[in-house]
Structures are given as C-alpha cells and as structure tokens.
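Asks: Provided below are the primary sequence and the corresponding predicted coordinates.
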Amino acid sequence: MSIYEGIWVPLVTPFNQGKPDLDKVQQLATQLIAAGIRGLVVCGTTGEAATLTENEQGQLLSAVLEVAKNSCPVLMGISGSDTRLLAEKVRAYTNQHLQGFLLSAPSYLRPSQEGVRLHFETIARATEKDIVLYNVPARTGVNIDLSTVIALEKQTNIVAIKESGGNLTQMMGLVNCSHLTVLCGDDGMLMDTLSMGGQGAISAAAHVQPHLFVQLLELMRTEHYPEAQALFTELQPLIRLLFSESNPAPVKAALALQGLIQEELRLPMTAMSLTGKIKLANELERLANLSLPVKPKTLSIPASGQFRSLRMVR
C-alpha cells in the first residue's frame, strides 16, 4: 500500500490567547494517530497557515514531528505566488524529518498551464522530498489541468495529488489517466472518489470522529460497499455542517465542543455562528451513539451530556 493511501488530516492550528498552542496540537495529533489516521498535514489551509509567521509555522511543524516520529508521515503545507521564494522555503526544510510537502498552485496571479507546470517543477527540483500537488481552484483561482498533472509525472518526487476541484470528470481522469496517487480533498466527494478508484483523502472533516472515516475507507478496501455507503450516508450531515461556514471555523467548533481545543481563530477568520454550533452539537451527539457494521479503533469521545448546553429542541 502506498504511503499516501488512506485518510490524512490537515491539522487545525489551536490557539491560546492569540498564540499557537503547541501542547494542544500535539495532543490532537496523538489522538488522530491512535484513531488510525494515515498521515498528517501541518500548515495547510485548515491550519490557517496564511495567518502564521514563518517562525510559528516552524514551531508547529517541530511540535507535530516530535509526536509523529516514525509512526505517522507528515507533510508541510506550502503555498504562495512567488516560485523562487517557495523553492527557497522548501530548501530550508531539507533537514527536517518530513515526508514531503503539500504544494498548491500559485494563487491570485492565475498563470497559464505552462506557468503552473514550471512552478511545480521548479519547486520539486529544490528538494528530494515528496511533493503532493494540491488542486483547489476555488482558493487559488487556477485549475491544475489533467494534461498538466500528467506532464508533471516526469518529476519523480511528485507522487500524489489532493484534488479539491469539485469536478467529477477531472477526478475520473486523474484516477484513470494519471499514475499519481489520487486523494480526495473535497469531503462531500469522498464516496465518489473512492468508488472511482481514488486511494484516500486529505480530509478536514476527519478531525471529528476520525475512526468513522478510517472505517469507511476500510469498508471500501474490503469491498463491503453497501456498508460503506450506509456509513457515508450517516457522515454526510456532519460533512455538510463542517463546510456550511468558512473552514476551519466549524471544525474548530466541533473540536472545542469535544473539549480538545479552544475555539479561537485568527482574523479574518471568525468563529462559527451560534446557530451552526447548535446543529453541530446535535450531530456530534448522534454520531457518538452510532452503531458501526464493524467495530473500529475508537477515539475518546466526550459524553453526550457535554453537548447539552447547545442542544436544539427537536
């Protein structure tokens, strides 16, 4: 099995009075690993990387690597528009015990596909570590076309792609025509991706009840398709709520309701609405009592009574 198969989580960045809470991120990483998560991403979009200083990003990475050690591979999120600057940033992590980098297309500039290709090739040549492409046109303003992905396969350390374009045709093309490991980056498309032959996901929603996402992948891998579909149907209300407001506000709200982190974000990100949190608390309580077709390893879940202060009358 490829190291990039399975469920990966792009870690949130817990804050405490405006500063990254390194103890909390280590605790969260430890619990996710125990739940069967395949790998972790530090300083991705979900980690509010755009609001973190270089020093803070380095501290977070060191904290996660300390607990992941040899039990869980770690990717560092890299994003920006200046190809030369990003190549230098990648070189600066040469001595870190990283598996590689999650690298998004250059944002805002909307370059040609040739520019996108040269951007990735230049950065990939600056490191021997793995590169996982990240296609998220809703945030960057540019799609990584299938033809560009195929051209990039010539760069041997470009090994996988997180596809978040929301386009099933492109996802099918990646699975059928590309040699890269294809990971779902749009949680609502997880079942479709796995059914097409995608090998896993980098899933923000998997912060919450991660064992259920791990179980879903295992059911698909062992060809228990009706059970997998039934489980995904149970997860869909949670997924919709977690993306009903700007990510990662709902994910942080859910983790705070479980007592795992403080609900704190950096501007311009703001906390989830009270209405959203009430719905989320109800959904967390429902999933906490969900019976699974096969018992997985479980993550410690707060007792349902801890959600009552936000419960909606049904």
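Replies: Everything's here; your move. Computed from a prediction, not measured in an experiment: that's the story for all the values here.
Asks: just the strands in the chain please.
Replies: With DSSP state E as the criterion, the chain has strands at 6-10, 15-16, 19-20, 39-42, 74-78, 100-104, 130-135, 158-163, 181-184, 200-202.
Asks: Put together JSON lines for the ones you listed, with distance to L212 and mean pLDDT on each row.
Replies: C-beta here means a position set from N, CA and C on the backbone, and glycine is covered the same way. Shown next, in JSON lines, are these (distance: least, C-beta to C-beta, whole Å; pLDDT from 0 to 100):
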{"stretch": "strand 6-10", "distance to L212": "10", "mean pLDDT": "98"}
{"stretch": "strand 15-16", "distance to L212": "26", "mean pLDDT": "97"}
{"stretch": "strand 19-20", "distance to L212": "28", "mean pLDDT": "98"}
{"stretch": "strand 39-42", "distance to L212": "18", "mean pLDDT": "98"}
{"stretch": "strand 74-78", "distance to L212": "23", "mean pLDDT": "97"}
{"stretch": "strand 100-104", "distance to L212": "23", "mean pLDDT": "97"}
{"stretch": "strand 130-135", "distance to L212": "24", "mean pLDDT": "98"}
{"stretch": "strand 158-163", "distance to L212": "20", "mean pLDDT": "98"}
{"stretch": "strand 181-184", "distance to L212": "15", "mean pLDDT": "97"}
{"stretch": "strand 200-202", "distance to L212": "13", "mean pLDDT": "98"}
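Asks: Go through those and name the closest to F213.
Replies: Closest approach to F213 among the strands of the chain (C-beta to C-beta): strand 6-10, 4.9 Å.
Asks: so R125 touches T156, yeah?
Replies: No: R125 lies out of contact with T156 (C-beta atoms under 8 Å); the separation is 10.5 Å.
Asks: Can you get me a residue count around L152?
Replies: The number of residues packed near L152 is 20, by other C-beta atoms under 10 Å.
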